[in-house]
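**Student:** Okay, predicted coordinates and the sequence, questions at the end:
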Amino acid sequence: MANLITVHSMLVELHGGMLTLVAICILATVVARFHFSSRKTSGSYGIFWPADSFMGKVAQYAEPTAYVAAIGGAIGLIASAVAGLYIYPMSFVESSSLVLGKIAFSVFTLDLMLVFVFFRSKYGQNLWKGRGTAAVYACTGLAGFVFMVLTASIGGHMAGKGSVLDPLYTLMKINPENLGFTQSNFPIITIGITIVVLVFPTLAFMYFQRKTIHKS
C-alpha cells in the first residue's frame with residue numbers, strides 16, 4: 001500500500017505539472033499571436049525585430065508543447081485516478097463529500113483536456129486562424145487547468161495540509177470540506193456538468209469555425 005501511495009503521489013505531480021505547462025504555453029501563445037497581430041496593424045511593424053524573433057520562437061514552440069503536454073496530462077490524470085481507487089476503500093469514497101468532490105473535479109478536468117486535445121488533433125494549428133476558434137480552444141485548456149487546481153486543492157485538504165486557496169474559500173464563504181456532493185446526487189451532478197463541458201465548447205467551436213469559413 002505504501003508503494004501504491006507513492007506511485008499515486010508521483011502521478012498526481014506528473015499530471016499537475018503537465019497541465020500547468022499547458023496553461024503556461026497557452027498564455028505564451030496568446031501573447032505571441034497578439035504581439036504579431038498588433039504589429040501588423042501598426043506602421044512600424046518589423047522595426048523591433050529582436051522582439052519579433054523572440055515572439056516567433058515562442059509561438060513556434062509553445063503552441064505544440066501545449067498539445068503534447070495536454071496528452072501527457074490526460075494520461076497521467078487517468079493513471080492517478082486508477083491508483084487512487086486502489087488506495088481508498090469504496091465505502092470511504094461514497095461517504096466522503098470531500099473525496100466525491102475531488103473525483104468530480106478530476107472528471108471535469110479530464111473532459112476539458114480531452115476536448116482540448118480533440119480540437120488540436122482534428123484542426124491542427126489552423127484553429128488559431130480564427131479569433132473565435134482560438135478563443136474557445138485557449139479557454140478550454142485554461143478551464144481544464146482551473147479544475148485541476150481545484151482538484152489539487154481538495155487533495156490538500158484530504159491530506160490534512162489545507163490549501164493555498166483557503167483564503168479564497170473563506171472570502172467566498174465556501175467550505176471545501178463539504179461541497180454538497182453526496183452518494184445520491186453525485187452521478188447526476190457529475191454527468192450533468194460533464195455534458196455541459198463536452199458539448200458547450202464543441203458547439204461554440206463549430207459556430208466560430210463556420211463564421212470563419214463564410215468570411216473566407
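**Tutor:** Good, I have the coordinates. Predicted model only: the values in this text are computed from it and were never measured. Numbering: from 1, shown residues only.
**Student:** Identify all contacting residues around stretch 79-89.
**Tutor:** Stretch 79-89 is contacted by residues 1, 4-5, 7-8, 11-12, 14-15, 93, 99, 103, 106 when judged by C-beta atoms under 8 Å, 6 or more residues apart in numbering. In short, each C-beta sits where N, CA and C put it, glycine included.
**Student:** switch the cut-off to 6 Å
**Tutor:** 4, 5, 7, 8, 11, 12, 15, 106 (C-beta atoms under 6 Å, 6 or more residues apart in numbering).
**Student:** swap in stretch 194-208?
**Tutor:** Where contact means C-beta under 6 Å, 6+ apart, the residues beyond stretch 194-208 that reach it are 108, 111, 112, 115, 130, 132, 133, 136, 140.
**Student:** Mind picking the lowest-pLDDT entry from these?
**Tutor:** Among the contacts of stretch 194-208, residue 130 has the lowest pLDDT, at 87.
**Student:** of the contacts of stretch 79-89, buried ones?
**Tutor:** 8, 11, 12, 15, 106 (16 or more other C-beta atoms under 10 Å).
**Student:** Could you measure from the nearest residue to residue 177 once chain neighbours are set aside over to residue 169?
**Tutor:** Once flanking residues are discounted, residue 177 sits nearest to residue 98: 5.7 Å by C-beta to C-beta, 6 or more residues apart in numbering. From residue 98 across to residue 169, the span is 13 Å (C-beta to C-beta, to the nearest Å).
**Student:** returning to what we had before: I'd like the contacts of stretch 194-208 written out as TSV, with distance to residue 72, neighbour count and secondary structure added.
**Tutor:** Output for the contacts of stretch 194-208, formatted as TSV (distance: C-beta to C-beta, whole Å; neighbours: other C-beta atoms under 10 Å; DSSP: H, G, I helix; E, B strand; the rest coil):
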residue	distance to residue 72	neighbour count	secondary structure
108	19	23	helix
111	17	23	helix
112	15	27	helix
115	16	24	helix
130	27	21	coil
132	27	16	helix
133	24	23	helix
136	22	25	helix
140	17	26	helix
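**Student:** Max pairwise distance over the residues you listed: which two?
**Tutor:** 108 and 130 (25.8 Å; C-beta to C-beta).
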